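# predicted coordinates and the sequence they were generated for:
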Amino acid sequence: MKGVPSGFFINIGPAKAITNSTIIINIGRFIPDSFIKHSNTAYYSLCLVINKTQVFTRSIMDEVIVSQQETKFDQPTARIISHIQPIRVLVANAKGGCGKTTMVTNLASYFATQGEPTAIVDYDPQGSSMDWLTARDPTRAKIHGIAAFKHQTPHSTRSYSLRVPPSTSRIVLDTPAGLSGHSLSDMIQASDFIVIPVIPSAIDIRAATRFIRDVLLSRAYQSNAKAIAVVANRVKKNTLIYQKLERFLNSLNIPFITSLRDTQHYVRASEEGLGLSDLPRRNDKDILEWQPMLQWIEDQIHSKQMK
């Protein structure tokens, strides 16, 4: 159904018009009929407002309080049959030190400042993403954190979503160095799309070659291919090694979406639990470098939700 995010299955029944031109269709969040019939107020996950020719959708994870006295519904007009899954972004590379955590925290900061209920799931035993969250001012856009590395068991990647708040709409996964084999396949299966950061060094280029091959040949990717993109990270564009990295990334049969420069802005922001999106005075150059990646991610989200 166009306009309804992927994962929702709804059964729309009769609805009463509030005005001559407007009908509100409410989609309940697993609320028993008896509760709705006998309560003045109910919580809904999604509210579709049909106004003559247009349909407006609220964010699927916004909790909208709808008064029955205002809507005059005798019964819920739609019912969620299956739970919607949050969008899950996997940031991964088997090589350590390529800037995965910086990318994870900045993506989480971006989603949270856009009003999306966001969580970071940290599988890296170093726990750097969790340290970043600890330093974060509680008055900032809230980001939920799960230290998955403390509870890792076989197939634990499949259970993290049970531990995030039910309103979560965006999850960013931070991964450990040395990711391979079944662990890599489980991570791919637990994600919607994958961002691979690569830094400019001969060792990292060789490691990225092997990692991308492992991703493409993994059982999870072979059974359900995910969108993948690569990002050149911590670069100095006027160097020979960057030019070599750029040629390598452009030779791949997957999108090379942007290059992020090596700057102390990330270090200073990280010390306070901030991302670029949190900063009141943003560096235009850094923001411009992030835009292609953010646009690629938003395009993938839009494509997934329209399926």
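Cool, the structure landed.
# what about the strands in the stretch 201-307 of the chain?
Here the stretch 201-307 of the chain has its strands, by DSSP state E, counting those that start in this stretch, at 227-235, 256-261.
# confidence score at Cys184?
Slight slip there: residue 184 is Leu, not Cys. On pLDDT, Leu184 comes in at 95.
# that one against Arg213, yeah?
No. Between Leu184 and Arg213 there is no contact under Cβ atoms under 8 Å: 11.3 Å. The C-beta positions use only the backbone N, C-alpha and C, and glycine is treated the same way.
# who's more crowded, these two?
A count of neighbours by other Cβ atoms under 10 Å puts Leu184 above the other of Leu184 and Arg213, at 22 against 10.
# Asp192 is nearest to which of the strands of the stretch 201-307 of the chain?
strand 227-235 (7.8 Å; Cβ to Cβ).
# paired strands for that closest one, with orientation please.
strand 193-198 (parallel), strand 256-261 (parallel) (DSSP bridges).
# counting contacts, what elements does the lengthiest helix in the chain pack onto?
What stands out as the longest helix in the chain, according to DSSP state H, is helix 284-306. Helix 284-306 sits against strand 87-91, helix 100-113, strand 193-198, strand 227-235, strand 256-261, with contacts defined as 3 or more Cβ pairs under 8 Å, 6 or more residues apart in numbering; DSSP states H and E.
# of all those, which lies closest to Ser169?
Set against Ser169 and scored by Cβ to Cβ, the helices and strands packed on helix 284-306 come closest in strand 87-91, at 6.6 Å.
# now the angle from that closest one to helix 284-306?
In terms of direction (axes from the mean of the first three to the mean of the last three Cα atoms, to 10 degrees), strand 87-91 departs from helix 284-306 by 130 degrees.
# which other residues reach strand 87-91?
100, 103-104, 107, 161, 169-175, 187-188, 190-197, 297, 301, 304 (Cβ atoms under 8 Å, 6 or more residues apart in numbering).
# and Gln114, how many residues sit next to it?
With other Cβ under 10 Å as criterion, Gln114 counts 15.
# which residue is the nearest non-sequential neighbour of it?
Using Cβ to Cβ, 6 or more residues apart in numbering and skipping residues adjacent in sequence, the residue nearest Gln114 is Ser277, 7.9 Å away.
# now Pro292
Distance criterion Cβ to Cβ, 6+ apart; nearest residue to Pro292, sequence neighbours excluded, is Thr258 at 4.1 Å.
# tell me how many other residues crowd that neighbour.
Number of residues near Thr258 (other Cβ under 10 Å) recorded here: 20.
# give me the distance between it and Pro166.
As for Thr258, its distance to Pro166 is 33 Å (criterion: Cβ to Cβ, to the nearest Å).
# next one: Asn224
Noted for Asn224: a distance of 25 Å to Pro166, by Cβ to Cβ.
# now swap in Asp124 and tell me
On the measure of Cβ to Cβ, Asp124 and Pro166 end up 25 Å apart.
# same deal with Leu252?
Taken as Cβ to Cβ, the span from Leu252 to Pro166 is 38 Å.
# now do the helices in this structure.
33-38, 68-71, 100-113, 128-135, 181-189, 202-217, 219-223, 240-251, 264-271, 284-306.
# which strands and helices sit next to the fourth one?
Under the contact criterion of 3+ Cβ pairs under 8 Å, 6+ apart, helix 128-135 touches helix 100-113, strand 118-122, strand 143-146, helix 264-271.
# other residues contacting the first one?
Put plainly, it is helix 100-113. Residues from elsewhere that reach helix 100-113 (Cβ under 8 Å, 6+ apart): 89, 91-93, 118-120, 122, 124, 126, 128-129, 132, 140-143, 169-170, 172-175, 195, 197, 231, 233, 266, 270, 274-278, 290, 294, 297.
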